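>>> Here is a sequence together with a model predicted from it:
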Amino acid sequence: GNSVTQMEGPVTLSEEAFLTINCTYTATGYPSLFWYVQYPGEGLQLLLKATKADDKGSNKGFEATYRKETTSFHLEKGSVQVSDSAVYFCALSRDDKIIFGKGTRLHILP
Amino acid sequence: DAGITQSPRYKITETGRQVTLMCHQTWSHSYMFWYRQDLGHGLRLIYYSAAADITDKGEVPDGYVVSRSKTENFPLTLESATRSQTSVYFCASSVVTSVEKQYFGPGTRLTVT
(Lines give C-alpha, C1' and ligand atoms only; values in the text may rest on other atoms or scores of the structure.)
Protein backbone atom coordinates (compact mmCIF):
# COMPACT_ATOMS: atom_id res chain seq x y z
CA GLY A 1 0.00 0.00 0.00
CA ASN A 2 0.92 3.66 -0.05
CA SER A 3 3.08 4.97 2.76
CA VAL A 4 5.37 7.81 3.77
CA THR A 5 8.50 7.50 5.89
CA GLN A 6 10.23 10.54 7.28
CA MET A 7 13.18 10.95 9.58
CA GLU A 8 12.43 10.87 13.24
CA GLY A 9 12.98 13.92 15.36
CA PRO A 10 13.46 16.00 17.16
CA VAL A 11 15.97 17.78 15.00
CA THR A 12 17.83 20.57 16.77
CA LEU A 13 19.86 23.11 14.82
CA SER A 14 21.41 26.49 15.41
CA GLU A 15 20.07 29.53 13.61
CA GLU A 16 21.44 29.90 10.06
CA ALA A 17 22.29 26.20 9.81
CA PHE A 18 21.40 24.12 6.75
CA LEU A 19 18.34 21.93 7.15
CA THR A 20 17.48 18.60 5.56
CA ILE A 21 14.50 16.50 6.61
CA ASN A 22 14.38 13.22 4.74
CA CYS A 23 11.19 11.80 3.31
CA THR A 24 10.72 8.68 1.22
CA TYR A 25 7.51 7.21 -0.08
CA THR A 26 5.96 4.03 -1.39
CA ALA A 27 3.11 4.39 -3.83
CA THR A 28 1.60 2.96 -6.96
CA GLY A 29 1.57 5.20 -9.96
CA TYR A 30 2.41 8.87 -9.68
CA PRO A 31 1.33 10.46 -6.41
CA SER A 32 1.47 14.14 -5.58
CA LEU A 33 3.86 14.98 -2.75
CA PHE A 34 3.55 17.62 -0.06
CA TRP A 35 5.23 19.13 2.94
CA TYR A 36 3.01 20.56 5.66
CA VAL A 37 4.11 22.63 8.64
CA GLN A 38 2.43 22.82 12.04
CA TYR A 39 3.42 25.73 14.25
CA PRO A 40 2.82 25.41 18.00
CA GLY A 41 -0.88 25.54 18.86
CA GLU A 42 -1.99 25.71 15.23
CA GLY A 43 -3.35 23.40 12.57
CA LEU A 44 -1.40 22.14 9.60
CA GLN A 45 -0.55 24.47 6.73
CA LEU A 46 0.55 23.42 3.29
CA LEU A 47 4.19 24.47 2.88
CA LEU A 48 4.96 23.25 -0.63
CA LYS A 49 4.01 20.59 -3.13
CA ALA A 50 5.15 18.80 -6.27
CA THR A 51 2.89 16.91 -8.60
CA LYS A 52 5.25 15.12 -10.98
CA ALA A 53 8.76 13.74 -11.19
CA ASP A 54 11.58 16.31 -11.10
CA ASP A 55 9.21 19.08 -9.99
CA LYS A 56 10.65 21.33 -7.30
CA GLY A 57 8.28 22.82 -4.76
CA SER A 58 9.41 25.91 -2.90
CA ASN A 59 8.04 28.36 -0.35
CA LYS A 60 9.45 30.56 2.44
CA GLY A 61 13.01 29.49 1.58
CA PHE A 62 12.16 25.78 1.80
CA GLU A 63 12.59 23.49 -1.20
CA ALA A 64 11.89 19.87 -2.04
CA THR A 65 12.40 17.98 -5.30
CA TYR A 66 10.25 15.06 -6.41
CA ARG A 67 12.74 12.26 -7.13
CA LYS A 68 11.02 9.28 -8.64
CA GLU A 69 14.20 7.26 -9.05
CA THR A 70 14.85 7.35 -5.30
CA THR A 71 11.18 7.77 -4.27
CA SER A 72 12.18 10.73 -2.16
CA PHE A 73 10.98 14.26 -1.41
CA HIS A 74 13.52 15.67 1.05
CA LEU A 75 12.87 19.09 2.56
CA GLU A 76 15.76 21.57 2.57
CA LYS A 77 16.43 25.11 3.67
CA GLY A 78 19.73 26.89 3.37
CA SER A 79 19.57 29.01 6.52
CA VAL A 80 16.99 28.27 9.20
CA GLN A 81 15.51 30.79 11.60
CA VAL A 82 14.12 30.43 15.10
CA SER A 83 10.67 31.05 13.60
CA ASP A 84 11.03 27.82 11.60
CA SER A 85 10.64 25.80 14.80
CA ALA A 86 7.63 23.60 14.14
CA VAL A 87 6.59 20.08 13.23
CA TYR A 88 6.97 19.17 9.56
CA PHE A 89 4.91 16.49 7.85
CA CYS A 90 5.64 14.85 4.55
CA ALA A 91 2.55 13.56 2.75
CA LEU A 92 1.44 11.96 -0.46
CA SER A 93 -1.82 12.12 -2.28
CA ARG A 94 -3.21 9.45 -4.53
CA ASP A 95 -6.81 9.13 -5.75
CA ASP A 96 -7.80 12.09 -3.56
CA LYS A 97 -6.63 10.36 -0.40
CA ILE A 98 -3.79 11.83 1.57
CA ILE A 99 -1.33 9.87 3.67
CA PHE A 100 0.85 11.68 6.19
CA GLY A 101 4.21 10.77 7.59
CA LYS A 102 4.67 10.72 11.35
CA GLY A 103 6.08 14.23 11.51
CA THR A 104 9.50 15.63 12.41
CA ARG A 105 9.81 18.20 15.18
CA LEU A 106 12.35 20.90 14.43
CA HIS A 107 13.93 23.09 17.13
CA ILE A 108 16.03 26.05 16.08
CA LEU A 109 18.28 27.54 18.73
CA PRO A 110 19.15 31.27 18.63
CA ASP B 1 -13.84 36.04 11.92
CA ALA B 2 -14.14 33.88 8.87
CA GLY B 3 -12.37 30.56 8.85
CA ILE B 4 -12.54 27.18 10.47
CA THR B 5 -12.95 26.85 14.21
CA GLN B 6 -13.05 23.94 16.60
CA SER B 7 -14.50 23.68 20.08
CA PRO B 8 -13.60 22.94 22.71
CA ARG B 9 -9.85 23.41 22.29
CA TYR B 10 -9.12 21.19 25.28
CA LYS B 11 -11.28 18.49 26.84
CA ILE B 12 -10.76 15.95 29.59
CA THR B 13 -13.35 13.22 29.90
CA GLU B 14 -13.73 9.84 31.55
CA THR B 15 -13.81 6.43 29.96
CA GLY B 16 -17.31 5.53 28.84
CA ARG B 17 -18.59 9.09 28.54
CA GLN B 18 -20.00 10.52 25.35
CA VAL B 19 -18.20 13.56 24.03
CA THR B 20 -18.80 15.70 20.96
CA LEU B 21 -16.18 17.79 19.24
CA MET B 22 -17.47 20.66 17.14
CA CYS B 23 -16.16 21.99 13.85
CA HIS B 24 -17.51 25.09 12.14
CA GLN B 25 -16.42 26.73 8.89
CA THR B 26 -17.61 29.98 7.39
CA TRP B 27 -16.49 29.44 3.78
CA SER B 28 -19.40 27.19 2.74
CA HIS B 29 -16.86 24.57 1.70
CA SER B 30 -18.48 21.37 0.48
CA TYR B 31 -15.92 19.00 1.94
CA MET B 32 -15.11 18.56 5.60
CA PHE B 33 -12.77 16.12 7.30
CA TRP B 34 -11.86 14.83 10.73
CA TYR B 35 -8.33 13.64 11.50
CA ARG B 36 -6.64 12.41 14.63
CA GLN B 37 -3.00 13.09 15.33
CA ASP B 38 -1.05 10.70 17.51
CA LEU B 39 2.63 10.51 18.32
CA GLY B 40 4.23 8.11 15.92
CA HIS B 41 1.30 8.06 13.51
CA GLY B 42 1.06 11.45 11.90
CA LEU B 43 -2.50 12.33 10.91
CA ARG B 44 -5.09 9.71 10.13
CA LEU B 45 -8.45 10.34 8.55
CA ILE B 46 -11.45 9.38 10.70
CA TYR B 47 -14.43 10.52 8.60
CA TYR B 48 -15.12 12.93 5.81
CA SER B 49 -18.14 14.54 4.25
CA ALA B 50 -18.66 15.64 0.68
CA ALA B 51 -21.78 17.70 1.42
CA ALA B 52 -24.58 18.04 3.94
CA ASP B 53 -26.05 14.61 4.76
CA ILE B 54 -23.21 12.80 2.93
CA THR B 55 -20.52 11.21 5.08
CA ASP B 56 -18.03 8.42 4.59
CA LYS B 57 -15.50 6.49 6.62
CA GLY B 58 -11.81 7.19 6.56
CA GLU B 59 -8.91 5.10 7.78
CA VAL B 60 -9.83 4.86 11.49
CA PRO B 61 -13.63 5.32 11.94
CA ASP B 62 -14.32 2.79 14.71
CA GLY B 63 -15.69 4.35 17.89
CA TYR B 64 -16.70 7.61 16.18
CA VAL B 65 -19.93 8.95 14.77
CA VAL B 66 -20.39 12.00 12.55
CA SER B 67 -23.29 13.93 11.18
CA ARG B 68 -23.64 16.86 8.84
CA SER B 69 -27.07 18.43 8.82
CA LYS B 70 -25.70 21.85 7.84
CA THR B 71 -22.90 22.62 5.41
CA GLU B 72 -20.99 24.69 7.93
CA ASN B 73 -20.93 22.21 10.82
CA PHE B 74 -19.37 18.78 11.12
CA PRO B 75 -19.51 17.44 14.69
CA LEU B 76 -17.56 14.34 15.72
CA THR B 77 -19.00 12.23 18.54
CA LEU B 78 -17.24 9.63 20.62
CA GLU B 79 -20.20 7.60 21.86
CA SER B 80 -18.29 5.84 24.64
CA ALA B 81 -14.82 7.29 25.00
CA THR B 82 -11.84 5.00 25.50
CA ARG B 83 -8.28 5.82 26.56
CA SER B 84 -7.06 4.92 23.09
CA GLN B 85 -9.04 7.88 21.79
CA THR B 86 -6.81 10.30 23.68
CA SER B 87 -5.44 12.36 20.82
CA VAL B 88 -5.41 15.70 19.09
CA TYR B 89 -8.29 16.02 16.66
CA PHE B 90 -8.13 18.24 13.61
CA CYS B 91 -11.01 19.31 11.44
CA ALA B 92 -10.40 20.48 7.88
CA SER B 93 -12.50 21.81 5.03
CA SER B 94 -12.06 22.32 1.32
CA VAL B 95 -14.08 23.46 -1.66
CA VAL B 96 -12.89 20.62 -3.88
CA THR B 97 -11.65 17.12 -3.23
CA SER B 98 -8.04 18.07 -3.86
CA VAL B 99 -6.29 17.33 -0.64
CA GLU B 100 -3.82 20.18 -0.92
CA LYS B 101 -6.72 22.61 -0.81
CA GLN B 102 -7.74 21.58 2.71
CA TYR B 103 -7.70 24.23 5.42
CA PHE B 104 -7.11 22.92 8.91
CA GLY B 105 -8.64 24.07 12.17
CA PRO B 106 -6.51 24.69 15.27
CA GLY B 107 -7.23 21.30 16.80
CA THR B 108 -8.87 19.89 19.93
CA ARG B 109 -6.72 18.12 22.48
CA LEU B 110 -8.82 15.34 24.05
CA THR B 111 -7.71 13.36 27.07
CA VAL B 112 -9.69 10.31 28.16
CA THR B 113 -8.91 9.23 31.73
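The structure has been received and is ready for your questions.
>>> what's the longest strand in chain A?
Secondary structure of chain A read by DSSP state E shows that its longest strand is strand A:86-94.
>>> and the residue in chain A that chain B sits nearest to, how far is that from residue B:105?
Relative to chain B, the nearest point of chain A is residue A:43 (3.1 Å; C-beta to the nearest C-beta). (Each C-beta comes from the backbone N, C-alpha and C, glycine too.) The gap separating residue A:43 from residue B:105 is 5 Å, by C-beta to C-beta, to the nearest Å.
>>> The helix or strand following the longest strand of chain A close to chain B?
Counting by DSSP states H and E, the next helix or strand C-terminal to strand A:86-94 is strand A:97-100. Yes - using C-beta under 8 Å from any C-beta of the partner chain, strand A:97-100 reaches chain B at A:97-98, A:100.
>>> Over to residue 69: give its phi and psi.
Answering for chain A, as no chain was given. phi -70, psi -30 (degrees, to the nearest 10).
>>> Chain B is the one I meant
phi -80, psi -20.
>>> Show me the shaky parts of chain B.
For chain B, the stretches with pLDDT under 70 are B:1-2, B:97-99.
>>> can you list the residues of it near chain A?
Checking chain B against chain A by C-beta under 8 Å from any C-beta, the hits are B:4, B:40-45, B:90, B:92, B:97-100, B:102-107.
>>> Show the contacting residues for residue B:15.
Shown in contact with residue B:15 (C-beta atoms under 8 Å, 6 or more residues apart in numbering or on different chains): B:81-83, B:112-113.
>>> Worst mean pLDDT across the helices and strands of chain A, which element?
strand A:97-100 (a mean of 85; mean pLDDT, DSSP states H and E).
>>> how big is the angle separating the helix or strand that that one is followed by from strand A:86-94?
Using DSSP H and E, the helix or strand that directly follows strand A:97-100 along the chain is strand A:104-109. In terms of direction (axes from the mean of the first three to the mean of the last three C-alpha atoms, to 10 degrees), strand A:104-109 departs from strand A:86-94 by 150 degrees.
>>> still on that earlier bit, other SSEs contacting the longest strand of chain A?
On a contact count with 3 or more C-beta pairs under 8 Å, 6 or more residues apart in numbering or on different chains; DSSP states H and E, strand A:86-94 meets strand A:3-6, strand A:23-26, strand A:32-38, strand A:97-100, strand A:104-109, strand B:42-51.
>>> would a markdown table of those with distance to residue A:70 and mean neighbour count be doable?
Formatted as a markdown table, the helices and strands packed on strand A:86-94 follow (distance: least, C-beta to C-beta, whole Å; neighbours: other C-beta atoms under 10 Å in any protein chain shown):
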| stretch | distance to residue A:70 | mean neighbour count |
| --- | --- | --- |
| strand A:3-6 | 12 | 18 |
| strand A:23-26 | 7 | 19 |
| strand A:32-38 | 12 | 24 |
| strand A:97-100 | 19 | 20 |
| strand A:104-109 | 18 | 16 |
| strand B:42-51 | 21 | 20 |
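>>> give me the number of residues near the residue of chain B found nearest chain A?
Per C-beta to the nearest C-beta, residue B:104 is where chain B lies closest to chain A, at 3.1 Å. Using other C-beta atoms under 10 Å in any protein chain shown, residue B:104 has 21 neighbouring residues.
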